[in-house]
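Asks: can't give you the sequence, but here's the structure:
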Ligand code: UT7
């Protein structure tokens, strides 16, 4: 009898991250808006975040993270076949930030495009790359989530400016002979699009004196409503991938949730019955880095040896759109 052929799986060959060196603490924010370290810590869990210097772009951060991931994967830039950059803060509306990263890396053979899924960007990017790799269209992919959100934050709005940070996370993906992605889940709900959005700069409100006066070029959020959607969708999505792969919650070594708010993460853990000690959090140091968040968290969880070879890992993200998604993988 012929041996059953194992389905090809796609895994991670290398990880990288980069955050700008400048730290903005809660104490620094107390000098900018009417807030307190105590409020920010107890309502969000965030203690500090990184902010890029003026002139530093999303492609600068993406390039650094991407280069580190390629090094870890021992893949030469010239051999990269696909580059996906997930971002809500591209260098420019066009060309894509991924083309700018390609140029910096010298990845001349790669096909490059950007992906817009807000805070679900890393997960959406990885699932997209997985599909191209499974089909055999490309042999490897560099997926980067990168943001310079500090340029799109209303620094007079205390309800949003304390939440976000700048940074980039990256991974190299390719077919693997052991481990890899076992199940994925993605979802979207455009009915809730206006709970979290940036109205200006696109075709709806192109840049004008008026759009600037009306502060349309800054992020706007209905935090309380977003909170509720985030908890429900992240908990459900994590449940879907576990069920699809017939992996029990107790078998998972590490959950990597989108790093928006410790209260959201704790509520997801409670609702989805995930043991909180297995849930990785680093938002206290970086705030919400949107599309970069889950890849930065995965990178640090591996560095801190919270994830070891053979372990089951669940990444779960949620963001504007609304969008959400999960990846169950074996390390
Ligand atoms: O990445 C995915 C998208 N983003 C998220 O997942 C974020 C989701 N939302 C949240 O994390 C939370 O809703 C927030 C952290 C944004 C807010 O927490 P909350 O418990 O929902 O607070 P709230 O918006 O209901 O505000 C409570 C109070 C308000 O005062 P009043 O009206 O009760 O007097 C706010 O004005 O806290 C006030 N407040 C602040 N006070 C001090 C809001 N921001 C601040 C602040 N400092 N920075």
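Replies: Alright, I've got the coordinates. Since the structure is predicted, the reported quantities are computational estimates derived from the model, not experimental observations.

Asks: Enumerate the residues of the stretch 151-300 of the chain near the ligand.
Replies: 158-159, 162, 196, 223-224, 226-227, 230, 258, 260-261, 264, 288 (CB under 6 Å from any ligand atom). (Each C-beta comes from the backbone N, C-alpha and C, glycine too.)

Asks: Drop anything exposed from those.
Replies: 158, 162, 196, 226-227, 230, 258, 260-261, 264, 288 (16 or more other CB atoms under 10 Å).

Asks: Just the pLDDT at residue 8, thanks.
Replies: You'll see residue 8 listed with a pLDDT of 87.

Asks: List the contacts of the residue of the chain found nearest the ligand.
Replies: At 2.9 Å from the ligand, residue 223 is the closest residue in the chain, using CB to the nearest ligand atom. Shown in contact with residue 223 (CB atoms under 8 Å, 6 or more residues apart in numbering): 159-160.

Asks: Next up, identify which helix or strand residue 181 is on.
Replies: strand 180-188 (DSSP states H and E).

Asks: now, the most widely separated pair of the buried ones among the residues of the stretch 151-300 of the chain next to the ligand?
Replies: 158 and 258 (22.0 Å; CB to CB).

Asks: CSV for the residues of the stretch 151-300 of the chain next to the ligand, including pLDDT and secondary structure?
Replies: CSV is the format used below for those (pLDDT from 0 to 100; DSSP: H, G, I helix; E, B strand; the rest coil):
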residue, pLDDT, secondary structure
158, 97, helix
159, 96, helix
162, 98, coil
196, 97, strand
223, 95, helix
224, 95, helix
226, 96, helix
227, 96, helix
230, 97, helix
258, 98, coil
260, 97, coil
261, 97, coil
264, 97, helix
288, 98, strand
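
Asks: out of these, what pair is the most spread apart?
Replies: 158 and 258, at 22.0 Å, using CB to CB across those.

Asks: Close to the ligand: what parts of the stretch 1-150 of the chain are there?
Replies: Neighbours of the ligand within the stretch 1-150 of the chain, by CB under 6 Å from any ligand atom: 35, 39-40, 43-44, 119.

Asks: Show me the shaky parts of the stretch 1-150 of the chain.
Replies: For the stretch 1-150 of the chain, applying pLDDT under 70 flags the ranges 1-7.

Asks: Thank you kindly, that will do.
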